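Visitor: make a model of this:
(chains A and B)
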Amino acid sequence: MAKTTLDLKGLSCPMPIMKLAAAVKKGASGDTFEATSDDAGFEPDIIAWAKETGHPMSGITKAGKDITVTITKK
Amino acid sequence: MTTDAVQERIKELEERLEKVEANRSNLTMVLFSGDFDKAFAAFIIANGALAMGKEVTIFVTFWGLDVLKKPTMTGAGKNFLEKMVTMMRPKGPANLPTSKMNFAGIGPKLFNYMMGKKNIASLQTLVDTSIEFGVKIVACQMSMDVMGIKREDLIDGIEVGGVAAYLGSSFNSNTSLFI
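Guide: Sure thing, here's the model as predicted:
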């Protein structure tokens, strides 16, 4: 169960989701991915993405502009 | 209704639902426009859908073909009218006009500058990324014939086909856009 940290700061839509999707695709089932983005649209995007792809998402934390989420590959 | 009949009905509905859900995975688009801003919207949506694990087919026709042209495309081996069309149309993502505020070609440069400052991916990057993620781009054979565009005038990683190739994907999708 590998843990990957993704720094997606500075990227604009749709790149944060693209980079996260690419990383999750490469990973194995059960791997976790902690992604941080400062794109204002990241929160609704990641919620929709997780719902659609079925990879469980746990906890959204916010610090200033940064939004961090953890995705577990299903 | 008897219990058996109800159970049979449930089974039938489950099978139908499975079919419907399998088809939900597709997005198809017709990219008709060769405008920078419209192509940009098309490829943003395509990339988003690909990231969400969907199959994406883009049928590229008429002016949309400008997006797929190699910047090095020449009129060599084409007839007079084809040469003229080749000369007059922009070639590739970096050379497209915007649909509004084009200002004789200054508009796109301005938008590219503004987008670059905000670290927004360029149209070229979006096209490349979508191909990397397995988008199916189908260039319209008929439009290519009309304008004298040859397969080698267009970028790699795409297919050439007809309307049936697009419709085959479109009938199996629940989202279809014309841009």
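Visitor: could you use CA atoms for every contact and neighbour count after this?
Guide: Noted.
Visitor: pLDDT weak spots in the chain?
Guide: As the question left the chain open, I've gone with chain A. In the prediction, chain A carries no residues with pLDDT under 70.
Visitor: please go with chain B instead
Guide: Ranges of chain B meeting pLDDT under 70: B:22-24.
Visitor: need the residues of it near chain A, please.
Guide: Within chain B, the residues that sit near chain A (C-alpha under 8 Å from any C-alpha of the partner chain) are B:44, B:47-48, B:51-53, B:118-121.
Visitor: among those, which two are most distant?
Guide: Longest distance between any two of these is 26.6 Å, between B:53 and B:118; criterion C-alpha to C-alpha.
Visitor: which residues does the residue with the largest distance to the centre of chain A contact?
Guide: The C-alpha centroid of chain A is most remote from residue A:64, which lies 17.4 Å away (C-alpha atoms, centre = their mean). Not one residue lies near residue A:64 by C-alpha atoms under 8 Å, 6 or more residues apart in numbering or on different chains.
Visitor: helix or strand for residue 50, which one?
Guide: Let's take chain A. helix A:42-53 (DSSP states H and E).
Visitor: should've been chain B
Guide: Using DSSP H and E, residue B:50 falls in helix B:36-51.
Visitor: which strands and helices sit next to that helix?
Guide: helix A:15-26, strand B:26-31, strand B:55-60, helix B:123-132 (3 or more C-alpha pairs under 8 Å, 6 or more residues apart in numbering or on different chains; DSSP states H and E).
Visitor: compute the inter-axis angle for that helix and strand B:26-31.
Guide: Per axes from the mean of the first three to the mean of the last three C-alpha atoms, to 10 degrees, the angle that helix B:36-51 makes with strand B:26-31 is 170 degrees.
Visitor: what residues sit buried inside helix B:36-51?
Guide: B:36-40, B:42-51 (16 or more other C-alpha atoms under 10 Å in any protein chain shown).
Visitor: now swap in stretch A:62-74 and tell me
Guide: Buried residues in stretch A:62-74 (16+ other C-alpha under 10 Å): A:66-73.
Visitor: quick one: distance of it to the chain centre.
Guide: On the basis of C-alpha atoms, centre = their mean, to the nearest Å, stretch A:62-74 sits 6 Å off its chain's mean C-alpha point.
Visitor: span of it from start to end?
Guide: Counting by C-alpha to C-alpha, to the nearest Å, you get 24 Å between the two ends of stretch A:62-74.
Visitor: which strand or helix spans the closest residue to residue B:83 other than its chain neighbours?
Guide: Nearest non-adjacent residue to residue B:83, counting by C-alpha to C-alpha, 6 or more residues apart in numbering or on different chains: residue B:75, 4.7 Å away. For residue B:75, there is no host helix or strand (DSSP H and E).
Visitor: pretty sure residue B:75 contacts residue B:82?
Guide: Yes. Between residue B:75 and residue B:82 there is a contact at 7.2 Å, judged by C-alpha atoms under 8 Å.
Visitor: still on that earlier bit, need the residues of chain B next to chain A in CSV with distance to residue B:97, can you?
Guide: What follows is the residues of chain B next to chain A, written out as CSV (distance: C-alpha to C-alpha, whole Å):
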residue, distance to residue B:97
B:44, 18
B:47, 22
B:48, 24
B:51, 28
B:52, 30
B:53, 31
B:118, 20
B:119, 21
B:120, 18
B:121, 17
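Visitor: which among these gets closest to residue B:65?
Guide: residue B:44 (17.4 Å).
Visitor: out of everything not next to it in sequence, what's closest to the closest one?
Guide: Residue B:44 sits nearest to residue A:14 (C-alpha to C-alpha, 6+ apart), 6.5 Å away.
Visitor: chain B contacts on chain A?
Guide: A:10-15, A:17-18, A:21-22, A:49, A:52-53.
Visitor: make a ChimeraX selection of the buried ones in the residues you listed.
Guide: For the buried members of the residues of chain A next to chain B, the matching ChimeraX selection, counting by 16+ other C-alpha under 10 Å, is:
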select /A:11,12,13,14,15,17,18,21,49
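Visitor: all set, thanks.
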